[in-house]
Structures are given as structure tokens and as C-alpha cells.
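Novice: I would like the atomic coordinates for the input below:
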Amino acid sequence: MINREPIPIRQGSGFRRLLTFIVVGLFLLVMFGRWAATLFTDYLWYDSLDIAGVWTTLTFTRVWLVLAATLVAFVFIFLNLWLVDRLSPRRGIVSGAPDEELLERYQEWIEPRATLVRSGLALFFAVVLGLGAAAWWRDWLSWVNAVTFDVVDPVFGNDVALYVFELPFYRDLFAWSFQLVLMTLLIVVAAHYLNGGIRIATLGEQRTSGGVKAHISVLLAVVALLKALAYQFDKWELLYSPRGQVFGASHTDVNAQIPALNLLIFISIVCAIILLVNTRFRGWTLPGVAIGIWLVTSIGVGGIYPAMVQRFSVEPNELQLETPYVQHNLDFTRFAFGLEDVEVRNFAASTALTADEVAANSPTIENIRLWDPGVLADTYPELQNIRTYYTFDDIDVDRYTINGELKQVMTAARSLDEGNIPGAGWVNERLVYTHGLGAVLSPARDVTSDGLPDFLVKDLPPENLTGDSSLDIDQPRIYFSDDA
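Specialist: Residues are numbered from 1 along each chain as shown. Okay, the predicted model is just below:
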């Protein structure tokens, strides 16, 4: 027996509501204050470097991207919830269902507040989705400021600018749109159920109304079309494929993966058409068959087939099949580094070197590097870490004018090893051990009698052993190092 008696609602006191508002207000104030303090600190840092315009561009780009994404998401979700209320039959379809009483009580409560609840839900989920758009700023700025390279890729014939400036932003937009449609689909299904448009039906009864099925089918069709778009992006991104001997599209990518993706694009579009056509038929048999075909194709054609081509066709004949794609890699590497117009000349090396020629080239010979940075990466820390919480992240080769002579040297900065800070805690990590200290310098060709680097600058505080004041380190603190 269903109880139709209304449930008495306990009215909250004015003091309790006031206290709730105060607590929520204080929480929002603390959160906003922390955000504002971080924002202002960043501004001071950029302004101290006379690049406040960079801060303005980054900040306002993030803000308006979030606002635009939130507005689009709000409108999309709100319109779908509005459509739910127009399509759902509410009490007309729940009669006799096990969950009838729960649904009727929900509908009685929601009816006078439908617009408010719809707006609140749409705003909440829109904000959740909109905040993610802040991460697009770099890709957005690249997209709006894109320029052409006037060079096309050899696989698809697109200008290279598409892959450098445009494709990253298209990926961001697709991922966000896919999340929006999926989230809206889940919200719509839940709202239709609560409004009575979807029910737990007994045998032989219809579980959804025609309008509800059409609404859900259209959203699923949009998901299928977005998936087709994703496969197109996957095709373009094959130019970044790590498969094969070199970076870039390989024989398998071009001759197996691209045809597979083309087939998946076709199947996704067919699935979308079937879902739209299904709005005029009863049941979900057609969409089920379409989704099953898509799953089988994506696993078999999209994954297994390219792997078989790579294993049984390419690997036994790799040199012949991969040569054109290796050449693509070489050509575009030269183009990227501006080396496509380098003139190649033969050098006739001679072993007949005289004493006069050695003397004439003494500056070059005296700077022939004997030390390997890989060896010094082990040697420097052993000799010059001094403290366990210091380290050398990288060894560099450089040239310095020392006492009027240009010398090739090995050098490294003594940075802070945060993993070895003693007595881990907020005070030590934030106030005591905050920076590295000094650097070391040694000739690229000289060694001591013990076979060690002959340091020109070493120890703590940094000691200059050259007598050349230009190598004095007056400010040894290092707050940003190679590992930062």
C-alpha cells in the first residue's frame, strides 16, 4: 500500500540559516583570499622582471577560457534538462512500479522548484567542466597566433603548422566536448528516470517513452560523431608515432593504421546514423548491434591488424620498407634545425703533420677535450658535493677567457638535492635549505698527478684559483638549476 500522506518538513530556524551562511561565506573568503594572494605574488614576480604584460596575457586568457567554457557547458546542460522536463511523462508512466512512491515524492518536491534545480545542476557541472579549460591557455595562444610554414607533410599533405599550432588545441576542445556530452548523457538518463520517463518495467512493458528514447539516442549519436572526429585526430598524430626505427609515421602506420582508422571513422558515422534512425523504432536492438560492430572493429582492425602487419610483414623486411620513412625523418629534422641548405664538402685528411703545423695550431690542440661529461658526472659529486644535500645535475662544456687566454672548460652548478634535506619538515624545506651554492670549473684537458680534475673554481665558499677576478663568484646562491 502506497502512503499518500505528505511528509512533514521541519523548518530550520533563522539563526541556523544565518550560521550556515556565515560558515560558507568564511570558507569562500579563505579560498578566494588564498587564490588572490597567489595571483598577486605571481604578478609581483613578473613585474620585477619587467614582463608584467606576460602575466596579464596568461591570467586573462585563463579567465576568459574558463568563463567561455562554463557558459557553453551551462547552456548545453540547461537546455537538455529543460528538454527532459518537456519529454518526461512524470506520473503517467510510474503507475504500479516498485519505485512509484519514491518517484512521486521526488516529483512533488521538485515540481515547484524545477527551474531553480535545473539551473543549479547546470551551473554546478558547468563550473566543474569550465575550470578545466584554464589548462588550454598555451594551446589556445598557439592556435590564435598560428603562422604557416609553407611546408607540407609527405603523408597527409597538410601544412606543418597544423601539427605544431592547431592540433593540440583541437585535442583539448575534443576532450572537453566529449566529457561534456558524456556527463550530460548521464545527467539526462538520471533526470528521465526521476521524472518517470525511464522505469523498471515488468515483462512485456515499455521501459522508456518514445521522446525519452529519441533524446538519449541523439546524445549517443553525438558521442559517436565525436569519436569519429577523435579517429581523425589519431590519424594526424601518427606523424608523432614512436613505432618503427625512427620517430614519425612508419610503414605500418601508413599502410595499416591509417586504413584501420578510416574504417573506424566510417563505422562511427554509421553508428551515429543508426542511433538517429532508431528514434523511429522500438527497442535498442539496432544501436546494440552497431556498438557491437564498432567494438569488434576497434579491437580487431584498430589493434590486432597493425600489430600483425608490423610483426609478419615489416620486421622481416625492415630495411626496404622503412627506408622512405627514415628519409622523411632525416628531411624534416634538417628542416627543423635549418640545415636543409648545408653545403657538403669533402675534407682531405692528412697524416703528414709537421712540428710547425702543431705550433701554428697550438690554441686548438691545447684545448682538445680529454674529459668525458659522463665520467665527471660521477667524479664531481665525489669530490665537490661537500654536503649530502648538494648535487650536480649536469656537466656542461663551455669556453672562458682566463688570464687573457680562451680555454675550453668543464663546469657544473652545485644545486640543492631536495631528497636529501636533513630533518625533513616545513621549516627545513621552506626556510633553511632553500638553494644550491656555487659552482665548480676545471679545464677540459688537464688532470692532476692523481688523475683527477684540476679545479680552477671549487669548494665552499667558492674559491677562484686562477687569479682572474672575472671568475670570482660574488653571489653563489642558486635557486633555479638544471633539475628545476
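Novice: longest single strand anywhere in the protein?
Specialist: strand 405-416 (DSSP state E).
Novice: after that strand, next one along is what?
Specialist: Next helix or strand after strand 405-416 toward the C-terminus (DSSP states H and E): helix 426-427.
Novice: what separates that next one from the chain centre, distance-wise?
Specialist: 32 Å (Cα atoms, centre = their mean, to the nearest Å).
Novice: do you know how far the closest residue to residue 413 other than its chain neighbours is from residue 139?
Specialist: The shortest distance from residue 413 to any non-neighbouring residue, by Cβ to Cβ, 6 or more residues apart in numbering, is to residue 439 (4.8 Å). Glycine gets a C-beta too; all of them are placed from N, C-alpha and C. The spacing between residue 439 and residue 139, counted by Cβ to Cβ, to the nearest Å, is 37 Å.
Novice: what residue ranges in the stretch 151-300 of the chain score low on pLDDT?
Specialist: Filtered on pLDDT under 70, the stretch 151-300 of the chain yields the residue ranges 198-209, 282-283.
Novice: The chain: strands as residue ranges?
Specialist: 390-392, 396-402, 405-416, 436-437, 439-443, 457-458, 463-464, 477-478.
Novice: quick one: contacts of the first one?
Specialist: If you take Cβ atoms under 8 Å, 6 or more residues apart in numbering as the criterion, strand 390-392 is touched by 377, 380-381, 384-385, 412-417, 420, 436-437, 440.
Novice: roughly how far apart are the closest residue to residue 58 other than its chain neighbours and residue 144?
Specialist: Distance criterion Cβ to Cβ, 6+ apart; nearest residue to residue 58, sequence neighbours excluded, is residue 137 at 6.2 Å. To residue 144, residue 137 is 11 Å away according to Cβ to Cβ.
Novice: The two: who's more crowded?
Specialist: Taking other Cβ atoms under 10 Å, residue 137 and residue 144 do not tie; residue 137 has more neighbours (19 against 10).
Novice: burial measure for residue 167, as a count.
Specialist: 20.
Novice: Excluding residues flanking it in the chain, which one is nearest it?
Specialist: residue 236 (5.8 Å).
Novice: Could you give the number of residues near the closest residue to residue 293 other than its chain neighbours?
Specialist: What sits nearest to residue 293 in space, not counting adjacent residues and going by Cβ to Cβ, 6+ apart, is residue 267, at 6.4 Å. Counted with other Cβ under 10 Å, residues neighbouring residue 267 total 23.
Novice: Let me know whether the residue nearest to residue 413 touches residue 463 as I believe.
Specialist: No - if you go by Cβ atoms under 8 Å, residue 439 and residue 463 don't touch, sitting 11.3 Å apart.
Novice: Mind listing the shared neighbours of the two?
Specialist: By Cβ under 8 Å, 6+ apart, the residues touching both residue 439 and residue 463 are residue 457.
Novice: quick one: which of these two has more around it?
Specialist: residue 439 (20 against 13).
Novice: quick one: contacts for the more buried one?
Specialist: Residue 439 neighbours (Cβ under 8 Å, 6+ apart): 411-414, 457, 462, 473, 476, 478.
Novice: Could you do residue 272 as well?
Specialist: Taking Cβ under 8 Å, 6+ apart as the test, what residue 272 contacts is 221-222, 224-225, 228.
Novice: next one: phi and psi at residue 352?
Specialist: phi -90, psi 70 (degrees, to the nearest 10).
Novice: can you tell me which residues contact it?
Specialist: Residue 352 makes contact with no residue, according to Cβ under 8 Å, 6+ apart.
Novice: pLDDT score for it?
Specialist: The model reports residue 352 with a pLDDT of 81.
Novice: For stretch 280-292, what is the distance to the chain centroid?
Specialist: The answer for stretch 280-292 is 36 Å, by Cα atoms, centre = their mean.
Novice: Any buried residues in it, and which?
Specialist: 284, 287, 290-291 (16 or more other Cβ atoms under 10 Å).
Novice: What number of residues are in the vicinity of residue 123?
Specialist: 16.
Novice: what's the pLDDT at residue 329?
Specialist: Value for residue 329, per-residue pLDDT: 89.
Novice: Isn't it up against residue 250?
Specialist: No - look at residue 329 against residue 250 with Cβ under 8 Å: they stay out of range, at 9.7 Å.
Novice: Which of those two has more residues huddled nearby?
Specialist: residue 250 (28 against 17).
Novice: For that one, give me its contacts.
Specialist: 241, 243-244, 314, 322, 325.
Novice: Against residue 438, how distant is the closest residue to residue 387 other than its chain neighbours?
Specialist: In space, and not counting its chain neighbours, residue 387 is closest to residue 460: 7.7 Å by Cβ to Cβ, 6+ apart. With distances taken as Cβ to Cβ, residue 460 is found 6 Å from residue 438.
Novice: What of residue 176?
Specialist: 47 Å.
Novice: What of residue 421?
Specialist: From residue 421 to residue 438 the distance is 18 Å (Cβ to Cβ).
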